[in-house]
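> Next input, structure requested:
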Amino acid sequence: MSEIQWEEPFCGEGNVCFRIGTDNAGNAYIAVRGQEDRFIADSRDALRTMILDIKAGKADHLLQ
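Residues are numbered from 1 along each chain as shown. Below you'll find the predicted structure:
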C-alpha cells in the first residue's frame, strides 16, 4: 500500500472530525481524526462522485 497523504480535518461543532486522504495508487480514504489507522477506502473516482453528489444536495436529507 502506498503512503496516505491526509488532508487537514473537516470539523463541525462537535468533537468528531473527519479526514480525507489519497495515495499515489489512485485510492481515497476517509477516517476519523486520531483514528487514521481505521479507515474506509475506495477509488478517487468514488470519492469524487461522493463529493459531487453531496455538493448537489443528494445527502441533504441526512442533515434534517
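> By mean pLDDT, which helix or strand of this structure comes out lowest?
strand 10-11 (a mean of 92; mean pLDDT, DSSP states H and E).
> Can you give the strand pairings for that one, parallel or anti for each?
strand 17-22 (antiparallel) (DSSP bridges).
> Of all the residues in the host helix or strand of residue 29, which ones are buried?
Assigned by DSSP states H and E, residue 29 falls within strand 27-32. Using 16 or more other Cβ atoms under 10 Å as the test for burial, strand 27-32 gives 27, 28, 29, 30, 31. Backbone N, C-alpha and C define where each C-beta goes, glycine included.
> Which one of the residues you listed is nearest to residue 42?
Nearest to residue 42 among those: residue 28, at 5.8 Å, using Cβ to Cβ.
> what about the residue lying closest to the closest one once chain neighbours are set aside, is that helix, strand or coil?
Nearest residue to residue 28 in three dimensions, chain neighbours excluded: residue 47, at 3.6 Å (Cβ to Cβ, 6 or more residues apart in numbering). With DSSP: H, G, I helix; E, B strand; the rest coil as the basis, residue 47 sits in helix.
> Quick check, residue 47 in contact with residue 20.
Yes - under the criterion of Cβ atoms under 8 Å, residue 47 makes contact with residue 20 at 7.1 Å.
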